[in-house]
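A.B. asks: Whatever this is, show me its structure:
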Amino acid sequence: MKLIEDIKKDIKDTIKDEKLFVAFSGGLDSTVVALLAKDALGKEKTELVNVLWGANVYSKSVEAVLKFAYEADLKINFVDGELEQEKLVSFGPNCNQCTRGIKMAKVKEFALKNIVATGSNQCDSWGKTGIKLMNGLYAPLVNLEKKDINKILDYYGVKIQKIGENLEREGCKLKHLLKLAARNDYHIRAVSIANEVLIDILDCFEFKRTIANVKIIGPLSKNIALINVNPQPDEEIKKIIIEKLSTEKSINEIVWVDRPLKLVITATAGITNNVESRYWVLNGRLAPEFAFDVTAEWKATKNKKLKTFNVIDYSFL
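C.D. replies: Here you go, the predicted model:
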């Protein structure tokens, strides 16, 4: 395939005789980068680096990373980012800063002066810039759309284990905490346990889905669990999931999202006063991960610690 040969040439020309470290999450994009790098450079010059997030990552995600490394015959290295991630979300949801400021920083630190490859492409903010190599980070897929990336995966005949929402997600549970984490044993515990339970039960029933997550919202004193599954499972499965989550003391209210809803969101002035920022939070960050359409009611925050946004309430439309 010409596309594959072109990318392999680009990898060889960029890395030359050095070693390439792949920031590897086990998702679609990083898997394709790992396959291309090994093909271009050989397994001796290709290493995987996975950042561990402690209880905030699905257990199946670690299993999938290890399984791929074994089957691809590639060395896998693990670095710890749990404490840094939990400190970050104590100021509110911030996936972009987590990826750039923690995940990539940890991988770069491990790789020393070697180049680190990422799976950035046209579906993320870095990909939109069109910059392939910057500050030691290299994005060989930067000009590709998801359909192209999927074609490359099909070419190699590799199947990605389903983790979290869909095949393009690496399975971070903490992204579903839609408010700041003032207490790890309450806010982070709720989102970690709720999403692990949901995925385990759906997997037990071999239920195929495109979305599966539990969003934790509400004021700081109340954890509301919004369950999103698409397509909707039958009532028996729903009942089991709700019963299991009801035993978790860190969850105060359980809601199954089965129709469109409105979210009440408090945010910093930089978000509430900026149309583009509000649009991105709602349509780029939140809406794709809900089972039904969502709208938002925006309010300025009074919490001086909040640096992003809080989803404090909801109502069905």
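A.B. asks: What part of the chain, helix or strand, is modelled with the least confidence?
C.D. replies: Here the helix or strand of the chain ranked lowest by mean pLDDT, DSSP states H and E is helix 125-129, holding a mean of 70.
A.B. asks: Let's see that helix as CSV, backbone CA atoms only.
C.D. replies: The C-alpha trace of helix 125-129 is given here as CSV (Å, rounded to 0.1, in the frame of the first residue of the first chain):
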residue,chain,number,x,y,z
SER,A,125,-6.0,19.6,17.8
TRP,A,126,-2.3,18.8,17.1
GLY,A,127,-3.3,17.2,13.8
LYS,A,128,-5.1,20.4,12.7
THR,A,129,-1.8,22.3,12.9
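A.B. asks: Which SSE is immediately downstream of that helix?
C.D. replies: strand 133-134 (DSSP states H and E).
A.B. asks: count of residues packed around residue 208?
C.D. replies: Residue 208 has 9 neighbouring residues, counting by other CB atoms under 10 Å. In this view, the C-beta of every residue, glycine as well, is placed from N, C-alpha and C.
A.B. asks: Before we go further, it is sitting in a strand, right?
C.D. replies: No: counting by DSSP: H, G, I helix; E, B strand; the rest coil, residue 208 is not part of a strand but coil.
A.B. asks: Quick check, pLDDT for it.
C.D. replies: Looking at residue 208, its pLDDT stands at 88.
A.B. asks: Report the buried residues of the longest helix along the chain.
C.D. replies: Ranked by residue count and defined by DSSP state H, the top helix of the chain is helix 189-204. Across helix 189-204, burial judged by 16 or more other CB atoms under 10 Å covers 189-199, 201-202.
A.B. asks: What of stretch 34-47?
C.D. replies: For stretch 34-47, a neighbour-count test (16+ other CB under 10 Å) marks 34-41, 45-47 as buried.
A.B. asks: got the contact list for it?
C.D. replies: Here stretch 34-47 makes contact (CB atoms under 8 Å, 6 or more residues apart in numbering) with 4, 7-9, 11-12, 15, 18-22, 24, 48, 68, 72-77, 117, 140, 152-153, 156, 158.
A.B. asks: so how far is it from its chain's centroid?
C.D. replies: 24 Å (CA atoms, centre = their mean, to the nearest Å).
A.B. asks: Could you do stretch 245-259 as well?
C.D. replies: Between the centre of stretch 245-259 and the centre of its chain there are 22 Å (CA atoms, centre = their mean).
A.B. asks: Buried ones in that stretch, by neighbour count?
C.D. replies: Buried residues in stretch 245-259 (16+ other CB under 10 Å): 245, 248, 250-251, 254-257.
A.B. asks: which ones are touching residue 190?
C.D. replies: Taking CB under 8 Å, 6+ apart, we find residue 190 in contact with 177, 216, 223, 225, 248, 250-251.
A.B. asks: Which stretches in the protein count as helices?
C.D. replies: Counting by DSSP H, the helices of the chain are 2-15, 28-41, 59-72, 82-89, 95-97, 104-111, 125-129, 146-156, 189-204, 235-246, 269-272, 275-279.
A.B. asks: Name the stretch among those that sits most buried.
C.D. replies: Among those, ranked by average contacts under mean count of other CB atoms under 10 Å, first place goes to helix 28-41 (a mean of 24).
A.B. asks: tell me the angle it makes with helix 146-156.
C.D. replies: 50 degrees (axes from the mean of the first three to the mean of the last three CA atoms, to 10 degrees).
A.B. asks: on that earlier part again, format the CA atom coordinates belonging to the longest helix of the chain as PDB.
C.D. replies: Output of helix 189-204 as PDB, limited to C-alpha atoms (Å, rounded to 0.1, in the frame of the first residue of the first chain):
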ATOM      1  CA  ARG A 189     -13.400   6.800  43.500                       C
ATOM      2  CA  ALA A 190     -16.900   7.200  42.100                       C
ATOM      3  CA  VAL A 191     -15.800   7.600  38.500                       C
ATOM      4  CA  SER A 192     -13.300   4.800  38.700                       C
ATOM      5  CA  ILE A 193     -15.500   2.200  40.200                       C
ATOM      6  CA  ALA A 194     -18.600   3.100  38.200                       C
ATOM      7  CA  ASN A 195     -16.900   2.800  34.900                       C
ATOM      8  CA  GLU A 196     -15.100  -0.400  35.800                       C
ATOM      9  CA  VAL A 197     -18.400  -2.000  36.900                       C
ATOM     10  CA  LEU A 198     -20.200  -0.900  33.800                       C
ATOM     11  CA  ILE A 199     -17.600  -2.200  31.300                       C
ATOM     12  CA  ASP A 200     -17.300  -5.500  33.300                       C
ATOM     13  CA  ILE A 201     -21.000  -6.200  33.200                       C
ATOM     14  CA  LEU A 202     -21.400  -5.300  29.500                       C
ATOM     15  CA  ASP A 203     -18.500  -7.500  28.700                       C
ATOM     16  CA  CYS A 204     -20.000 -10.300  30.800                       C
END
